[in-house]
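Colleague: how does the following fold in three dimensions:
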Amino acid sequence: MSGQEKRAIDDFDRAIELDATSADKYYDRGITYAFRGEHHKALADFDRVIELDISFAEAYHNRGGAYYYLGDFEKSIPDFTQAIEFGVRRAYLSRGLTYIELRDFEAALADFEMYEELLGPLPDWAQDDADEVRAYLAEQDE
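Modeller: Residues are numbered from 1 along each chain as shown. Okay, the predicted model is just below:
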């Protein structure tokens, strides 16, 4: 852990001690944990955020991401879906990538296309995944 990350975690810990009902403080600490690859800790913080504020859209998106990085793809989907329902459009990309892991290529392609419709071109790194899905589905149609 870098010194800066350690200080950030310590600061969030102190802030939460002062106000354990602040969804924002848990969210910020969860983001820091996720950035550091500590997805179990991030997941616990995002769970707490949602307990405190059931409409905290980004918490669903990031909890879905924590589940994804922990390899629990089935649990990622409902969180990404909830984030989408709350208006987090980029969650279409996250959910699409998760559908690839679940080998639901039609759903993945639908999400990639919705992302493109709403936000424009996919990032280059995701475009490669979308191209592979398109090629696979075209091959299956032959």
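Colleague: what about the spatially most central residue of the chain, distance to Ala34?
Modeller: Nearest to the geometric centre of the chain sits Gly65, at 3.0 Å (C-alpha atoms, centre = their mean). Separation of Gly65 from Ala34 (C-beta to C-beta, to the nearest Å): 7 Å. Glycine gets a C-beta too; all of them are placed from N, C-alpha and C.
Colleague: dihedrals phi and psi, the residue nearest to the centre of the chain?
Modeller: phi -60, psi -40 (degrees, to the nearest 10).
Colleague: surely it touches Phe73?
Modeller: No - applying C-beta atoms under 8 Å as the test, Gly65 and Phe73 come out as separate, 11.4 Å apart.
Colleague: what sits against the residue nearest to Asp28 when sequence neighbours are not counted?
Modeller: Of all residues not flanking Asp28 in the chain, Phe12 sits nearest, at 5.8 Å (C-beta to C-beta, 6 or more residues apart in numbering). Contact analysis of Phe12 by C-beta atoms under 8 Å, 6 or more residues apart in numbering lists Lys25, Asp28, Arg29, Thr32.
Colleague: mind putting the residues you listed into a markdown table with neighbour count, secondary structure and distance to Asp141?
Modeller: Converted to a markdown table, those look like this (neighbours: other C-beta atoms under 10 Å; DSSP: H, G, I helix; E, B strand; the rest coil; distance: C-beta to C-beta, whole Å):
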| residue | neighbour count | secondary structure | distance to Asp141 |
| --- | --- | --- | --- |
| Lys25 | 23 | helix | 50 |
| Asp28 | 18 | helix | 46 |
| Arg29 | 24 | helix | 47 |
| Thr32 | 21 | helix | 45 |
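Colleague: wait, which of those residues is closest to Met114?
Modeller: Using C-beta to C-beta, Asp28 is the member of the contacts of Phe12 that lies nearest Met114, at 29.0 Å.
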